[in-house]
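Peer 1: Show me the folded form of this:
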Amino acid sequence: MITRYKVAALFANNVHLMVNYSPANYFYIMSLTVLFHKENGVGFITLNRPEKYNSFNRDMSMALQEYLDDCERDEEIRCIYITGSGKGFCAGQDLAEASDPSNVDFERIVREHYNPVIRRFRNIEKPVIAAVNGVAAGAGANLALACDIVLATTSASFIQAFSKIGLIPDSAGTFFLPRLIGMQRAAALMMTADKVTGEEAAAMGMVYKCFPDERFEAESKKMAFYLAQMPTKGIGLTKRLLNHTYDNTLEEQLEMEKDIQVQAGQTEDFKEGVLAFLEKRKPAFKGK
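Peer 2: Numbering: from 1, shown residues only. Presented below is the predicted three-dimensional model:
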């Protein structure tokens, strides 16, 4: 059972100190391996093991899963932003937790630590941004690629590091990466474990955009705050459709679009969007 402490200031290495927060901008500490706060409709999740380049262990995964559940339930949160503290986004599995190759319970690690996170990223009907601020290796790279929008610093690096230790890419890497950059390129990166920079990742379509390091935090948060003011229900329904486009036929997708458009047309945000258009003003979406 993870204990939560409601606090009014953040104290962790390499994360900006936040003070004088209003109740609406609270954050909880369930585990110091993951930090959380919300601000202006965005739930900010920071992987916080900077001395290990935010490599995953069980404590981090369990805390991350709970924070994602909180973000899904909290109607004030309309966008989720995930980044890492220090110089890395996430270096994948902490090998110290799997230090005995003859006695590693890979089934449990994949089933309980990684797969539930991937499912939450895809099934939460709110936009999820991965703000890749440094190295993203192994499962850390694939966790980022499972998010809706991936932003990276120019100095970031993506590495499918599994082949270096005789493993296969997990965390849905074999699902998302070929769809993002093509089968041959994905196979090459997975087999060679070549490093891809943020600029290269953007050029090949692995990530949406990259920004210079000095502008990255401001630019990536700007996008998160923007999405938090958009019609959240419509974005969530769009995400639902995108999740099915991989396995639906054209006719099935057309039918699904028809049915979900009916749902979108019943939202308060649709009514506000039309009214704002007719009144020639900026819409004030409520995410409902």
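Peer 1: What residues sit buried inside the one helix or strand residue 238 maps to?
Peer 2: Per DSSP states H and E: residue 238 is located in helix 232-244. Neighbour counts over helix 232-244 (16 or more other C-beta atoms under 10 Å) mark 232-239 as buried. Bear in mind the C-beta positions are built from the backbone N, C-alpha and C, glycine included.
Peer 1: Stretch 120-137 too?
Peer 2: For stretch 120-137, by 16+ other C-beta under 10 Å, it's 120-122, 124-137.
Peer 1: Rounded mean pLDDT for the helix holding residue 238, please.
Peer 2: In this model, helix 232-244 has an average pLDDT of 96.
Peer 1: try stretch 182-191
Peer 2: 98.
Peer 1: Also stretch 156-166?
Peer 2: 95.
Peer 1: Quick one: residues in contact with it.
Peer 2: Stretch 156-166 is contacted by residues 89, 92, 95, 132-138, 141-142, 144, 152, 168-170, 173, 177, 189-198, 201, 206-207, 210 when judged by C-beta atoms under 8 Å, 6 or more residues apart in numbering.
Peer 1: What's the ChimeraX syntax to select whichever of the residues you listed are buried?
Peer 2: Applying 16+ other C-beta under 10 Å to those leaves a buried subset, and the ChimeraX line that selects it is:
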select :89,92,132,133,134,135,136,137,138,141,142,144,152,169,170,173,177,189,190,193,196,197,198,201,206,207,210
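Peer 1: Which of the contacts of stretch 156-166 fall in helices?
Peer 2: Secondary structure assignment by DSSP state H places 141-142, 144, 173, 177, 189-192, 198, 201 of the contacts of stretch 156-166 in helices.
Peer 1: just to revisit the earlier point, okay, the helix holding residue 238 in CSV with CA atoms only?
Peer 2: C-alpha atoms of helix 232-244 as CSV (Å, rounded to 0.1, in the frame of the first residue of the first chain):
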residue,chain,number,x,y,z
THR,A,232,-11.2,17.0,-23.8
LYS,A,233,-14.2,14.7,-24.6
GLY,A,234,-13.6,15.1,-28.3
ILE,A,235,-9.9,14.5,-28.0
GLY,A,236,-10.6,11.4,-26.0
LEU,A,237,-13.0,10.1,-28.6
THR,A,238,-10.5,10.8,-31.3
LYS,A,239,-8.0,8.7,-29.3
ARG,A,240,-10.5,5.9,-29.0
LEU,A,241,-10.8,5.9,-32.8
LEU,A,242,-7.0,5.9,-33.3
ASN,A,243,-6.7,3.0,-31.0
HIS,A,244,-8.9,0.9,-33.3
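Peer 1: what's it in contact with?
Peer 2: Applying C-beta under 8 Å, 6+ apart, the set of residues contacting helix 232-244 is 78, 122-123, 125-127, 148, 227, 252-253, 256-257, 260, 263-264, 267, 269-270, 285, 287-288.
Peer 1: For residue 283, I want the exact helix or strand it lies within.
Peer 2: Remark: residue 283 resides in no helix or strand, with elements defined by DSSP H and E.
Peer 1: Tell me the secondary structure at the closest residue to it other than its chain neighbours.
Peer 2: Spatial nearest neighbour of residue 283, chain neighbours left out: residue 276 (3.6 Å); criterion: C-beta to C-beta, 6 or more residues apart in numbering. Secondary structure, DSSP: H, G, I helix; E, B strand; the rest coil: residue 276 is helix.
Peer 1: ok, now which ones touch residue 276?
Peer 2: 282-284.
Peer 1: ok so, going back, save the buried residues of helix 232-244 as CSV, and put in distance to residue 184 too.
Peer 2: Listed next are the buried residues of helix 232-244 as CSV, based on distance: C-beta to C-beta, whole Å:
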residue, distance to residue 184
232, 37
233, 38
234, 36
235, 32
236, 34
237, 34
238, 29
239, 28
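Peer 1: Can you tell me the number of residues neighbouring the closest residue to residue 86 other than its chain neighbours?
Peer 2: Leaving aside its sequence neighbours, residue 86 sits nearest to residue 50 (C-beta to C-beta, 6+ apart; 2.8 Å). Using other C-beta atoms under 10 Å, residue 50 has 18 neighbouring residues.
Peer 1: next one: phi and psi at residue 256?
Peer 2: phi -70, psi -40 (degrees, to the nearest 10).
Peer 1: Could I get the contacting residues of residue 141?
Peer 2: 90, 92, 158-161, 173.
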